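Student: one predicted model, sequence on top.
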Amino acid sequence: MRIERVADSAAAAARGAALFAACAARAIEERGQFVVALSGGSTPRALHACLVSDEWRPRVDWPYVEFCWGDERAVPPDDPQSNFGMARDTLLEPLEIAGERIHRMRGEAADLAAAAADYAAELARVTGTPAQAPPVLDLILLGMGPDAHTASLFPETAALQVSDRWVVANRVPVLDMTRLTITFPVIHAARSVVVLVSGAEKASALSTVLTGPRDPDRFPAQRLADAGGTVIWLADEAAHAGLA
Ligand code: 6PG
């Protein structure tokens, strides 16, 4: 695991785009496709803007990219809270990505547990991983909340303890909502993980996650240190302020 300190959110996005392009080139060369899980929240918007820019758009072989998600809110795709909807508007439509390469979590489902199981099967199909093993994605993009959650793996929630399922419907009392999320076995199986952290409101959590006493039920992002693949934190100066 390594931490890259960048000046600001724009620099984090540009560095994220470079890492995305490098992961994509390696995966496509080695396996003929690049399976990436996008992150939700607001931070990825700047990364998406980079990826669709004249500078970066030509540097990814987009027809070989399979788009997945690390988590989704329990809302339909046209809801302003939808992680898919944000990616559709800022990345997928500008890049004119074909529908068959977009693997959306169905947050609108009445039965979210079934939607989670269906998505795990979809990840197995897309990655070619046997269903009994965690799907191996080439890159998982993540963010982190001020409470040190990542994906929708929130402090003291049931999903943190799941080791035998790859996608779950996770009840998040602090938000009074349920979210679909990949579980830590999937994050730990990924070939690469990039965590984008921007802003002063993340400084305390970042410091605790990276240097504080280990308490992963309270600070779930601490478990990124257990990943088997490459984990890169991209933190801007404001988020880095709590660190030496
Ligand atoms: C989500 C994300 C979540 C996000 C963090 C940071 O669905 O909201 O998956 O884990 O990455 O909450 O969100 P911001 O980028 O908005 O700060």
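Tutor: Now that the structure is in, tell me what you want to look at. Numbers count the residues shown, from 1 in each chain.

Student: quick one: the helices in the protein?
Tutor: Applying DSSP state H to the chain gives helices spanning 9-31, 44-51, 83-87, 93-95, 112-127, 184-189, 203-211, 237-240.

Student: and this protein, which residues reach the ligand?
Tutor: Taking C-beta under 6 Å from any ligand atom as the criterion, the chain approaches the ligand at residues 39-43, 70-71, 83, 143-145, 149-152. For every residue, glycine as well, the C-beta is placed using N, CA and C.

Student: what's the burial count for the closest residue to Phe67 other than its chain neighbours?
Tutor: Distances taken as C-beta to C-beta, 6 or more residues apart in numbering put Ile102 closest to Phe67, at 5.1 Å, once the chain neighbours are dropped. Using other C-beta atoms under 10 Å, the number of residues around Ile102 comes to 16.

Student: so where is the protein shaky, pLDDT-wise?
Tutor: The model of the chain has no residue with pLDDT under 70.

Student: what's the neighbour count on the closest residue to Arg179 other than its chain neighbours?
Tutor: Nearest non-adjacent residue to Arg179, counting by C-beta to C-beta, 6+ apart: Ser152, 3.7 Å away. The local packing of Ser152 (other C-beta under 10 Å) involves 27 other residues.

Student: contacting residues for the closest residue in space to Pro173 that isn't next to it in sequence?
Tutor: Nearest residue to Pro173, sequence neighbours excluded (C-beta to C-beta, 6+ apart): Thr157, at 7.7 Å. Counting by C-beta atoms under 8 Å, 6 or more residues apart in numbering, Thr157 touches 170-173.

Student: equivalent analysis for Val174, please.
Tutor: Applying C-beta under 8 Å, 6+ apart, one finds that Val174 lies in contact with 147, 154-155.

Student: quick one: which of those residues is most hemmed in?
Tutor: Neighbour max across these (other C-beta under 10 Å) = Phe154, 23 neighbours.

Student: any idea which of the helices of the chain is most buried?
Tutor: Of those, the one with the most neighbours on average (mean count of other C-beta atoms under 10 Å) is helix 83-87, at a mean of 23.

Student: leaving out the residues flanking it, which one is nearest to His149?
Tutor: Nearest non-adjacent residue to His149 (C-beta to C-beta, 6+ apart): Pro220, at 5.5 Å.

Student: what's the separation between the one you found and Asp138?
Tutor: As judged by C-beta to C-beta, to the nearest Å, Pro220 and Asp138 stand 23 Å apart.

Student: neighbour count: these two, which is higher?
Tutor: Pro220 (26 against 23).

Student: that one contacts Gly145, doesn't it?
Tutor: No - contact criterion C-beta atoms under 8 Å: Pro220 and Gly145 do not qualify, at 9.4 Å.

Student: list residues touching both of the two?
Tutor: Shared contacts of Pro220 and Gly145, defined by C-beta under 8 Å, 6+ apart, comprise Phe154.

Student: can you report how many residues neighbour the residue nearest to Ser82 when sequence neighbours are not counted?
Tutor: Nearest residue to Ser82, sequence neighbours excluded (C-beta to C-beta, 6+ apart): Val75, at 5.3 Å. Using other C-beta under 10 Å, Val75 is surrounded by 17 other residues.
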